[in-house]
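Any chance you could fold what I've pasted below:
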Amino acid sequence: MTARGKLVLTLLILGVLGLGLFKWWPMLARPRSAPSSPPATLSPDGARTETPASTVQAAELVETQTEVPKLAAAAAYEPKDKTVEIELSEYAGYAGLIVANGGLENSIFSKKHGFKLAIKLSEEESWSALNSGKMAASATTVDVLAIYGRQFQVVVPAQIGFSRGADGVVVRSDIKRINQLKGKTLATAQFTEAEFFLRYLAQEAGLGISTLPDLKSSPDPDKLNLVFCKDAFAAGDFFLREVLGDHRRLAGCVTWAPKTTEVADGSAGKAHVLATSRNVLIVADVLVVNKGFAQQNPAMTAGLVNGLLEGNRMVRDNPAAWYDVVAKAFKWDREQTKGELAKVHLSNLPENLAFFSGAIDAAGSFGGIYQSAVFSYGSQLIKDPVDGDRFLDL
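From the prediction side, this is the model:
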């Protein structure tokens with residue numbers, strides 16, 4: 001059996017045991033750095049702790065990488081005291097995991113699967129930490145798997161959902177089309193879904209990409225030019241500072257919600273959201289699990305997937321009932337939580353099966369997005385692409 005086939009079978013088994021596949025079967029025929037804010041932790045009981053800071057450091061550019069970073073050597077994560085540590089960013093697409101764990105008197109993970117889940121919130125791309133066993137799991141997008149390739153020793157047991165408007169390009173108010181970015185420079189975070197999303201849009205518009213070492217370098221007049229910040233939130237902050245300071249070095253930034261809205265609203269009318277992922281199934285969030293941990297702890301890995309899908313179901317069925325839980329985790333208010341949840345689609349079991357099997361439109365499947373990432377980054381960055389199915393081999 002192929003890796004893809006084994007994953008689909010695993011999801012089916014999880015559905016039968018944990019969610020009741022009979023509920024979903026009729027649907028089977030139908031065919032998404034130093035953080036710009038201090039990292040926070042959600043304890044197993046749902047409480048949030050945060051390192052206080054009197055001021056937030058101004059976002060700065062970081063060195064442009066000409067090669068994909070090398071990750072720390074692979075090692076298996078070992079849970080302690082039946083607690084599984086994972087890391088997530090401040091993003092509504094992870095509401096299912098938050099609801100399944102935080103704010104509940106007895107979380108799904110402890111009640112049904114016998115372990116506690118400790119969630120750390122951070123905007124860092126902590127792939128070396130995941131690879132080397134410093135945490136059990138995290139969430140990322142399919143394109144990131146294509147970038148890091150065979151050195152990334154993780155497995156992908158489930159899709160979390162799609163960004164449906166959460167990722168966006170924010171530009172100066174006089175720019176109305178992607179084609180107008182030719183010869184201009186934008187800030188984003190390198191090797192993230194934000195960069196991939198812009199590369200995809202540029203590719204569709206027939207624009208090449210040029211990466212610059214800094215803003216002192218002359219932009220390529222025939223391409224869309226990029227500089228980088230440590231994370232996507234920092235890219236938004238950097239662009240906003242440029243706009244409010246009446247500097248003309250940057251034409252825009254690429255980040256994700258809620259930063260997209262914060263930048264546009266905070267620009268005093270000088271910037272707006274030009275494009276989002278609302279109508280393109282290209283930013284797909286997946287659960288990534290340390291491979292050694294997954295192999296040594298199949299029951300805990302299955303519990304993570306079951307809790308994720310159950311949490312997604314709870315939010316999908318009655319989102320308003322969970323606004324306060326999600327808002328507490330991300331320090332949002334109810335209205336912001338409602339708006340952010342409207343920008344994501346949380347996947348259920350049938351959608352997971354279709355996503356991995358390719359039963360949905362190829363452009364929005366795991367394989368389709370993976371290949372789009374390989375093509376968008378090109379052979380200069382992804383020199384030896386690996387088959388995406390290697391991440392599905394549980």
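
Name whatever forms a beta bridge with the residue nearest the centre of the chain.
With distances taken as CA atoms, centre = their mean, the residue of the chain nearest its centroid is Thr140 (3.9 Å). Under DSSP bridges, the beta-bridge partners of Thr140 are Val286.

gap between it and Lys112?
25 Å (CB to CB, to the nearest Å). In short, each C-beta sits where N, CA and C put it, glycine included.

Thr261 now?
In terms of CB to CB, Thr261 sits 36 Å off from Lys112.

repeat for Glu335
Separation of Glu335 from Lys112 (CB to CB): 32 Å.

Looking at those two now, which is surrounded by more residues?
Lys112 (15 against 10; other CB atoms under 10 Å).

element containing that one, please.
helix 108-113 (DSSP states H and E).

Run the chain-centre distance for that helix.
25 Å (CA atoms, centre = their mean, to the nearest Å).

Could you look up the next helix or strand downstream of it?
Sequence-wise, the next helix or strand downstream of helix 108-113 (DSSP H and E) is strand 116-121.

Now do the very next helix or strand once past that following strand: everything it contacts.
Moving toward the C-terminus from strand 116-121, the next helix or strand (DSSP H and E) is helix 127-131. Contacts with helix 127-131, where a contact means CB atoms under 8 Å, 6 or more residues apart in numbering, come from 71-75, 87, 135, 137-138, 140, 144, 148, 151-154, 288, 290.

How far away from the center of its chain is helix 127-131?
So, by CA atoms, centre = their mean, the centroid of helix 127-131 is 15 Å from its chain's centroid.

Next: stretch 134-149.
Worked out by CA atoms, centre = their mean, stretch 134-149 lies 9 Å from the chain centre.

So which bits of it are buried?
The neighbour-count check on stretch 134-149 (16 or more other CB atoms under 10 Å) flags 135-149 as buried.

Quick one: end-to-end distance for that stretch.
This stretch, stretch 134-149, spans 20 Å end to end (CA to CA, to the nearest Å).

quick check: mean pLDDT across that stretch?
Averaged across stretch 134-149, pLDDT comes to 97.

again with stretch 111-122
Stretch 111-122 comes out at a mean pLDDT of 93.

and Gly93, what is it in contact with?
Residues in contact with Gly93 (CB under 8 Å, 6+ apart) are Arg32, Ala139, Ile160, Gly161, Phe162, Ser163, Ala166, Asp285, Val344, Leu346.

helix/strand/coil for the fifth one?
This means Phe162. strand (DSSP: H, G, I helix; E, B strand; the rest coil).

Give me the nearest residue to it, chain neighbours excluded.
His345 (4.5 Å; CB to CB, 6 or more residues apart in numbering).
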